[in-house]
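**Q** 3D model of this:
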Amino acid sequence: MSKSLKQKVQTVFKLHGLQLRQEAAKYLAELLLPVQKLEHDSWIEKILIEVEKQKLKSAVIDLEILKEAVSQCTAEDDKSESSDILNTISAFDAPRLSFAAERKKYMKDDMLGRPEPKLLPSAGLKSTVYLDRFTMLQQRTSRHDLFAGKHSRNSGSKYHLKPIEFLLGTVNRLDDVIVLGMITQMTYGAYYLEDPSGVVKLDLSETKFHVGLFTENCFVMAEGWYDENIFHVLALGFPPAESSSITRGYFGSTNFFGGPFDTTVKISEKLEHAEQELSDAMFVFLSDVWLDEPEVIARLRKLFAGFAEVPPTAFVLCGNFLNNCSSGVNYNNSLKAQMKILGEMISSHKSLVDHSQFLFVPGPADPGSPNIFPRPPLPKHLTSELRELVPSAQFLTNPARIQYCTQHIVIFREDIVTKMCRNAIYFPETGDIAEHFAKTLTCQGHLAPLPIQNMPVYWDFDRSMYLYPLPDLVITADKFEPFSAEHMECKVVNPGTLQRHGFKFKTYLPSIRKVEESQIPGDDDDDFTME
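**A** Sure, this is the predicted structure:
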């Protein structure tokens, strides 16, 4: 066992361009011997990361270098896994990883020679936004069983993706063609399908649309026949989604989500154990918390009083934080005053201050930046008094990421359901909008698959909007009616506007991965109602 483990260690290091000396390989193999076999790969990956952080004079790794890496790795592991149960991650700090086709793995941008991100990059980088999205979906789709030939004896027939240039390069009619591409409208009323190889005009007159909300600039799989420069689409669907566990099977311990860990928390047994031990953990999600509405303030008092005896892990409050959607100095002064009132309300319950986190995500009308994603947190000068009263308060970007034990949670405050319904090229005649929306997000692997003019995004930070690998929970705080849906082990939840939807909110129990709908009682009610 020790000999085979030693060979495995040497092979892995060679694949990363490093050569282990014999005594170093033997040392590492002996260290890994007591460790469970399933954890070998993750530990080797962690140690490799620490080795690469050192200033190496050559590709030969001796015993001294390896011991230092092991020491750093174990120290960080003990520290982080014991204390970092909950971490918030700024959208601007999301890992910058790109798919390297020749190596069939995701690598850091700096290793691939890509430039540092800028808020205002050159105009040429706009196309990179869609190219990166296509690359992500194309590598995911090509590995799917239907297109890898695993369910078809003749893998070269029906289930084979064709690039658009293949269609454009033929003069004969082609039947049973499947193409992966992006829907665009180059001329008014005429839709086209685009991929990196070319553009083809679409005929959607006989198209059967599958489940989902199909909008411009979303990526689709079109099946049909091609003749005389027109692709006649018979069926239109999304690229198949992929569960997080399957993605990890291909890319190992790579940390796509971000946070203090070098590798994904999904492989941490200690955090998984902590997750089960903390069986009473709970997240509370509220959207459009209008602090200038007296009824909202009165209900929040009841909410905090009700949770004071059993403090949840975190309250996540999404904007807009004022119902009066004006702007200017008066608006900012009003928001600052209302934030102070909220802080005083929370600080009156010591148990909540001591045991709960308060996380704030800005809404579309909140001040601080133009409505371009990702958005920075609320300005500090507006929240300083609340921070003093509630030290556990954190003001997050929009979107924001939360890592709790081994689970990944994404928070996005935008009326995205409404926008996607409004911009759909075909509105579904059957089914629940929540199910259509959940499938759209999980299949697209993106929070906002809309044209940039409808959903402005900083080009260099578009990857902060990715849902790949799929997180455990996505909160899309929208003015649309509250819902909970699930697709590919990813829950998609909308708490709804607090006041307009009867003061309903959502709670999430991580230990059993369950979403519940709750309601803050009025004057005539005594207790919370939960479903």
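**Q** Tell me where the stretch 51-200 of the chain has strands.
**A** Here the stretch 51-200 of the chain has its strands, by DSSP state E, counting those that start in this stretch, at 60-61, 86-89, 97-100, 105-108, 174-187, 190-195, 198-203.
**Q** So what touches the second one?
**A** Yep, that's strand 86-89 we're talking about. 257-260, 313-314, 357, 359, 394, 396, 400-405 (CB atoms under 8 Å, 6 or more residues apart in numbering). All C-beta spots, glycine's among them, are computed from the backbone N, C-alpha and C.
**Q** one step back: mind checking which of the strands of the stretch 51-200 of the chain is nearest residue 448?
**A** The minimum distance between residue 448 and the strands of the stretch 51-200 of the chain falls on strand 174-187, with 14.2 Å, by CB to CB.
**Q** Could you give me the buried positions within that closest one?
**A** Using 16 or more other CB atoms under 10 Å as the test for burial, strand 174-187 gives 177, 178, 179, 180, 181, 182, 183, 184.
**Q** Cross the contacts of strand 86-89 against strands and list the overlap.
**A** Members of the contacts of strand 86-89 lying in strands (criterion: DSSP state E): 314, 357, 359, 394, 400, 401, 402, 403, 404.
**Q** neighbours around residue 327, how many?
**A** A count of nearby residues for residue 327, using other CB atoms under 10 Å, gives 10.
**Q** any idea of the pLDDT on it?
**A** On pLDDT, residue 327 comes in at 71.
**Q** hang on, it packs against residue 366?
**A** No: if you go by CB atoms under 8 Å, residue 327 and residue 366 don't touch, sitting 10.3 Å apart.
**Q** before we move on, back to that, which stretch among the strands of the stretch 51-200 of the chain comes nearest residue 434?
**A** strand 174-187 (22.5 Å).
**Q** Between strand 198-203 and that closest one, find me the angle.
**A** Counting by axes from the mean of the first three to the mean of the last three CA atoms, to 10 degrees, strand 174-187 lies at 90 degrees to strand 198-203.
**Q** which stretches of the stretch 151-300 of the chain have low pLDDT?
**A** 151-158 (pLDDT under 70).
**Q** List phi and psi for residue 518.
**A** Main-chain dihedrals, residue 518, degrees, to the nearest 10: phi -130, psi 170.
**Q** For residue 334, give me its contacts.
**A** Contacts for residue 334 were tallied using CB under 8 Å, 6+ apart; they are 292, 322, 324.
**Q** Among these, name the buried ones.
**A** Buried residues within the contacts of residue 334, defined by neighbour count using 16+ other CB under 10 Å: 292, 322.
**Q** Out of the contacts of residue 334, which comes closest to residue 470?
**A** Among the contacts of residue 334, and counting by CB to CB, the member closest to residue 470 is residue 322, at 33.7 Å.
**Q** excluding its backbone neighbours, what's nearest that closest one?
**A** residue 292 (4.8 Å; CB to CB, 6 or more residues apart in numbering).
**Q** what about that neighbour, which helix or strand?
**A** Assessed by DSSP states H and E, residue 292 sits outside every helix and strand.
**Q** Over to the one 10 residues further on?
**A** Under the assignment given by DSSP H and E, the secondary-structure element containing residue 302 is helix 294-307.
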